[in-house]
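> Here you go, sequence then predicted model.
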Amino acid sequence: MREKRGFWSRLEDIPREVLYGLLLIAFIIPMIKPIGFPVPVSPETQKWYDTIDKLPAGSVIMIDFGYSGGGEPELGPMAVAVYHHIFKRGGLKAIAMSTSIEGPLLWDKAMAEVNPSQYGAQYGVDYIHIGYIAGTETAMAAVGKDLRATTSTDYKGNPLDQYPIMEGIKDASSFDLLIVFTTGGDQSEGWVRQWVTPYKTPYLCSVLAMMKPTMLPYQKAGQIIALTSGAQAGEMEYLVKVPARGIKSADVMTLTHLLIVVYVIVGNIAYYGKKYSGG
Amino acid sequence: MFGKIGDSMLISGRIFALGMLIAIWIFVLVSMEQAKKKIPTFRKMAGLDAIPEMVGRAAEMNKPIHFTTGLGDLTSTVAPQLVAGLSVLGYVSELAAKAGAKVIYSVYQAQVMPIATEIMKDAYVRAGKPEEFDVETQIRYLSGEQFAYASAVQGIAERERPAANIMIGPFYAESMLFSETFFRIGAIQLAGTARGYQIPFFAVVCDYLLIAEEIYAAGAYLSKDPIQVGSIRGQDVGKMIAIILIVLGVIALAAGSKIVLDLLKA
Amino acid sequence: MDLGSVIQIWLAALFTVWIYSIAFRDNVFFKFAEHTFVGAAAGHNIVYAVDNIRRYGWTPFTQGATLYLVVFLLGLILYTRYHSKYFWLSRFPLAIMVGIGIGLSMRATVTAEFIAQIISTASLQLVGVDAWTAFSNLIFIIIVVSVVYFFVFTFPGLHGGGRAVIPKIARYGMMAAFGYAFANTVLSRFQMIFGRLDFLMSSWLPLPGAMMVLPIVLILLIYAMIPAEKRPWPKSS
C-alpha cells in the first residue's frame, strides 16, 4: 500500500524540469523536421480577410499597432500577414498609431518583414505611422475627435502635413475601418467604447489567444466584425498566400498541445490513483 | 462616411441607455445615502475569510506577506480595482501589524505610492504599532513597465520567500508569472481581479479567489466606506434590472414580440 | 548583415536563453537579464515620457496654444507630493486626471457593455430554430442570467436556501469559461515560446560562432543553477 502511494505521489509531482524539458523537445523536433499538418481556415479569419478585400478603393484604415514586445511572437505574424494583404489588395490607405509604448519599434520590425516596396507601396502615400499616443482610452477618444490636434507629426517627428496620405484626415469619421492588434484588454475593449459605439466604425480585432474568450461577447453583440487571435496568423498567411512564421508554428502548436493533453491525463490519473489508493 | 455626432441632444439608439445611466446613478446615490445610516449586509466571500489564516501563517513562519495591486492605474477604468486592492491592503496591514508579520507592497505606478503609504501607516496606527511600519522596506517601487515589474516581483518571491501572496487589483499578462512563482516557493495565495482575462490563471493556481466584481465588494465590505458600499448596492439593483430585461426579452421574443428589444434599442 | 544587426541578434539571443532559464531554476544569468531589463525598460519609459511632453505639450505651446501653460502647471503641481507641507496640492491634478479618465471610459460603457450585451442575450431565439441551436441558446441564457445573479452582493437572501442553486450554476459556468480561457492561454504562451525559439534557430544559430557558443552558454547556465553551497566556486552569487 505504501509503495503504491509513493508511486502516485511521484507521478503527481514530476519535477517541472522534466516537464519543461519534454516540452522543449516537443517544440524543437517539428522545428527541425516539419510534419506539415493542415491549416484549416476558420470562418472568422475568412470574414476578416473578406472585410478588407471588399473595401472600396481609396478606403482609409486606422490600425492600432498596440502590442507589447512580449506579445510580438504571437501578434507580429498576424500583423505582418494583414499588412501584406492590405498592400497586395492595393488602393487602401493604412494609417497606424500605437497605444502601446513599444508599438512604433515593433511596427518598424513588422514593416521590415513586410517590405512594402515589393508592392509599390510608399511611406507617407499608402501607409504611415503617426506615433505612440499616450493615455490609452484618452488617446483613442482624442484621435477620434480631432487627430491633428492630438498629434501633428508622424512617429519620426516629421510634420503630418507633408504626407499626401494625411490629406483630408480629420477624425474618426475619416476612417472606413479600424484594425487593432493588441496585447491589452483596455485597448481591445477601449476601441469599442471610444470608436465603435460613438462613430460606428467597423472594427477588426486581433488579440492574444488568451484574450479571445473575454472579447467574444463584443463580437456576439455585433460590435466587432471579426475577432482573431494571433495564433491564427497561419490561416491569414494561407489566405494572403505569404507563408511565414504563422504557418511554420502550426506543427509545433499541434505537437506541443498533444503533449499538454498527455500531461493533463497523467495528472488526473495520478490524482485519482492517489485518492483511491488511500490518500 | 459616418454621420457626425453632436447634432442633437438625444440620439436615437442611445435614449434607453441614457435612461439606464440616469437610473443607475439615482440608485447609487440613494444607496450611498442609506449606507451612511446603515451598512447593508454582504453575502459571504470565501476569499476574504482566508485572510486572517494567511496572515497568521506568515507570522508563525516569521516570513513576510507579499501584496500587489497589479498594474493599477489611477486614471483609467481600472482605477476602482486598484482602490479595492488598496482597501484590502489596509485590512491586511492591520492584521499583519497585530500578528507581527511584515507586509511588502510592490508598487507599479509611482502615483500610488503616497496613497499606499498613508493607508499602511493608518493600519499600523490602528493596530497600535506605528513604530513598526518601515516605508523603505515595506513599500517598494519596482518599475512602471509591465514585464520589468513582473521580473522584479518574481525576484522578491525567489529571494525573500514570502509565506503568503495577496494580489488584488487589475492584472494583466503578469498574473500567471506571479501566481506560478509564488506557488513554486510554497506561498499561500489569494487573488482577485475584475479583468476577465486573468481570472482563469488565478483560479487554476491560487488557493483562494475573489472572482471579478467580488473584489469591489470585498473592498467596500472591508473599508465600510458608505460611498463604496452604496455604489455596490446601487449596481446590484442595476444587475437585477439587467436580469429582468433579459428574461422578459427572451420570453417576449419566444412569444413572437420584439417589444423589449425595441425598447432597449430606443 | 551589418555589425549593428549582428550585435542586436547576439544580445537578443543571449537574453532570451537567460530569461527562459528561470523555468528550470533561478541563477545569476537570469538575475542579470532581469535587472538589465528593468533598467532598459525604465530608460525607455523616461525617453518616451520626455518625448510625449515635447510632442503633445511643448510643441503646441510654442506654436501659440497658451492654454497648455495650465497643463504644465498641473503637471508640476503633481510633484508637490514630495513636499512635506504642500503635498495636498498634488491631489488637484490627480483629481482632474482621474475625472477625465473615468468620464471618458464611462461615456460609452452603458451602451457598449450594458445595453449591447443585454440586447445580444435577449435576442437569442428559443423557438423557430433547430433543436440544437435552441438548446445552446438556452444554456447561454441560463449561464448569463445566473452569473449576473452571482454578482449581486448586498441582498444575501438571494444566495440562501433553495436559491443557492443559481450561484452554483454560475460557478460551474464560470469555471467552464475559465477552462476555455486557460486553454487559449496555453496556446498564446506556446506561440511566444515558439517565436523566441524560431528566432534563436533561424536568426541566431546560423550566425558564425553561434553554434559553438550555445553549448558554452548552456553549460554555464547549468553550473549557475547548482546551489551555491554545492559548487566549488564561487560560493555565493
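Done, it's in.
> Can you point out the buried residues in the top helix by length along chain C?
If you go by DSSP state H, chain C has its longest helix at helix C:165-199. The neighbour-count check on helix C:165-199 (16 or more other CB atoms under 10 Å in any protein chain shown) flags C:166-167, C:169-170, C:173-174, C:177-178, C:181-185, C:187-199 as buried. Heads up, the C-betas are built off the backbone N, CA and C, glycines and all.
> could you give the mean pLDDT of it?
The pLDDT scores in helix C:165-199 average 92.
> how about it, does it get close to chain B?
Yes: Helix C:165-199 comes into contact with chain B (CB under 8 Å from any CB of the partner chain), by way of C:174-175, C:177-179, C:181-182, C:185, C:189.
> Which other helices and strands does the helix or strand following that helix contact?
Downstream of helix C:165-199, the first helix or strand assigned by DSSP states H and E is helix C:210-225. Contacts defined by 3 or more CB pairs under 8 Å, 6 or more residues apart in numbering or on different chains; DSSP states H and E place helix C:210-225 against helix C:3-20, helix C:28-53.
> Need the ones you listed in TSV (columns: distance to chain B).
Below are the helices and strands packed on helix C:210-225 laid out as TSV (distance: least, CB to the nearest CB, whole Å):
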stretch	distance to chain B
helix C:3-20	8
helix C:28-53	4
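> Out of those helices, name the one with the poorest average pLDDT.
Among the helices and strands packed on helix C:210-225, helix C:28-53 carries the lowest mean pLDDT (a mean of 89).
> That helix: how far from the chain's middle?
Centroid separation for helix C:28-53 versus its chain: 16 Å, with CA atoms, centre = their mean, to the nearest Å.
> got the angle between that helix and helix C:210-225?
Angle, helix C:28-53 to helix C:210-225, by axes from the mean of the first three to the mean of the last three CA atoms, to 10 degrees: 110 degrees.
> Which of the residues in helix C:28-53 are classified as buried?
C:28-31, C:33-34, C:36-38, C:41, C:48, C:52-53.
> now swap in stretch B:90-101 and tell me
B:90-99, B:101.
> Over to stretch A:262-274?
A:270, A:273-274.
> before we move on, what about stretch B:37-51?
B:39-40, B:42-43, B:45, B:47-48, B:50-51.
> So which of those is the closest to residue B:204?
residue B:47 (15.1 Å; CB to CB).
> interface residues of chain A facing chain B?
A:16, A:68-71, A:136-138, A:172-173, A:176, A:183-186, A:190, A:198-201, A:208, A:210-211, A:213-214.
> again, only this time at 7 Å
A:68, A:70, A:136-137, A:173, A:176, A:183, A:185-186, A:198-201, A:210-211, A:214 (CB under 7 Å from any CB of the partner chain).
> Can you give the domain ranges for chain B?
For chain B, the structural domains run B:46-223, B:225-251+B:259-266, going by automatic domain parsing.
> looking at chain A, which helix or strand is least sure?
helix A:2-12 (a mean of 74; mean pLDDT, DSSP states H and E).
> Low-confidence regions, chain B specifically.
Chain B contains residues with pLDDT under 70 at B:1-8, B:75-76.
> Kindly list the longest helix within it.
Under DSSP H, chain B gives helix B:226-254 as its longest helix.
> Is chain A within reach of that one?
No: counting by CB under 7 Å from any CB, chain A is not contacted by helix B:226-254; separation bottoms out at 12.9 Å.
> Which strands or helices does that helix pack on?
helix B:15-37, helix B:214-223, helix B:259-264, helix C:116-122, helix C:131-150 (3 or more CB pairs under 7 Å, 6 or more residues apart in numbering or on different chains; DSSP states H and E).
> Go through these and pick out the most buried.
helix B:214-223 (a mean of 25; mean count of other CB atoms under 10 Å in any protein chain shown).
> Run the angle between it and helix C:131-150 for me.
Using the same axes, to 10 degrees: helix B:214-223 against helix C:131-150 is 10 degrees.
> which residues are in contact with helix B:214-223?
Residues from elsewhere that reach helix B:214-223, judged by CB atoms under 7 Å, 6 or more residues apart in numbering or on different chains: B:42, B:45, B:47-48, B:80-81, B:83-84, B:87-88, B:91, B:168, B:192-194, B:210, B:228-229, B:232, C:153.
> With stretch C:40-57 instead?
Outside stretch C:40-57, the residues touching it (CB under 7 Å, 6+ apart) are A:101, A:132, A:134, A:151, A:153, B:143-145, B:148, C:68, C:71-72.
> Make a markdown table out of these and add distance to residue B:223.
Shown next, in a markdown table, are the contacts of stretch C:40-57 (distance: CB to CB, whole Å):
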| residue | distance to residue B:223 |
| --- | --- |
| A:101 | 33 |
| A:132 | 36 |
| A:134 | 31 |
| A:151 | 40 |
| A:153 | 45 |
| B:143 | 28 |
| B:144 | 26 |
| B:145 | 30 |
| B:148 | 31 |
| C:68 | 38 |
| C:71 | 33 |
| C:72 | 35 |
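> Show me those that map onto helices.
Using DSSP H, the contacts of stretch C:40-57 in helices are B:148, C:68, C:71-72.
> so which pair among those residues is furthest apart in space?
Applying CB to CB across the ones in helices among the contacts of stretch C:40-57, the maximum distance is between B:148 and C:68, 30.7 Å.
> so what's residue B:197 up against?
Taking CB under 7 Å, 6+ apart, one finds A:185, A:210-211, A:214 in contact with residue B:197.
> is chain C contacted by stretch B:258-266?
Yes: Stretch B:258-266 reaches chain C (CB under 7 Å from any CB) through B:260-261, B:264-265.
> What are the structural domain limits within chain C?
C:1-65+C:205-237, C:127-198.
> Counting neighbours, what do you get for residue C:128?
10 (other CB atoms under 10 Å in any protein chain shown).
> that's a helix at it, yeah?
No: under DSSP: H, G, I helix; E, B strand; the rest coil, residue C:128 sits outside any helix and is assigned coil.
> measure it to residue B:254 for me?
Plainly put, residue C:128 is 9 Å away from residue B:254 if you go by CB to CB, to the nearest Å.
> Tell me the secondary structure at residue B:210.
strand.
> Which residues are in contact with it?
Residue B:210 neighbours (CB under 7 Å, 6+ apart): B:45, B:47, B:168, B:192, B:218.
> Just those: which are in helices?
Filtering the contacts of residue B:210 for helices - DSSP H - leaves B:47, B:218.
> Mind putting the contacts of residue B:197 into a markdown table with neighbour count, secondary structure and pLDDT?
Shown next, in a markdown table, are these (neighbours: other CB atoms under 10 Å in any protein chain shown; DSSP: H, G, I helix; E, B strand; the rest coil; pLDDT from 0 to 100):
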| residue | neighbour count | secondary structure | pLDDT |
| --- | --- | --- | --- |
| A:185 | 22 | helix | 88 |
| A:210 | 29 | helix | 85 |
| A:211 | 32 | helix | 89 |
| A:214 | 21 | helix | 88 |
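> In those residues, find the pair that's most separated.
Pairwise over those, using CB to CB, the maximum falls at A:185 and A:210, 9.9 Å.
> Write out the residues of the stretch 101-250 of chain B neighbouring chain C.
B:111, B:114, B:143-145, B:147-148, B:151-152, B:155, B:158, B:199-201, B:203-204, B:211-213, B:217, B:232-233, B:236, B:239-240, B:242-243, B:245-247, B:249-250.
> isn't residue A:151 right up against residue A:129?
No: between residue A:151 and residue A:129 there is no contact under CB atoms under 7 Å: 10.8 Å.
> thinking again about what came up before, list just the nearest of the residues of chain A next to chain B to chain C.
residue A:210 (3.7 Å; CB to the nearest CB).
> Okay, the closest one and residue A:183: tell me how far apart.
Distance from residue A:210 to residue A:183, by CB to CB: 9 Å.
> can you check residue B:128 too?
Taken as CB to CB, the span from residue B:128 to residue A:183 is 45 Å.
> Please apply the same query to residue B:22.
Residue B:22 is 36 Å from residue A:183, by CB to CB.
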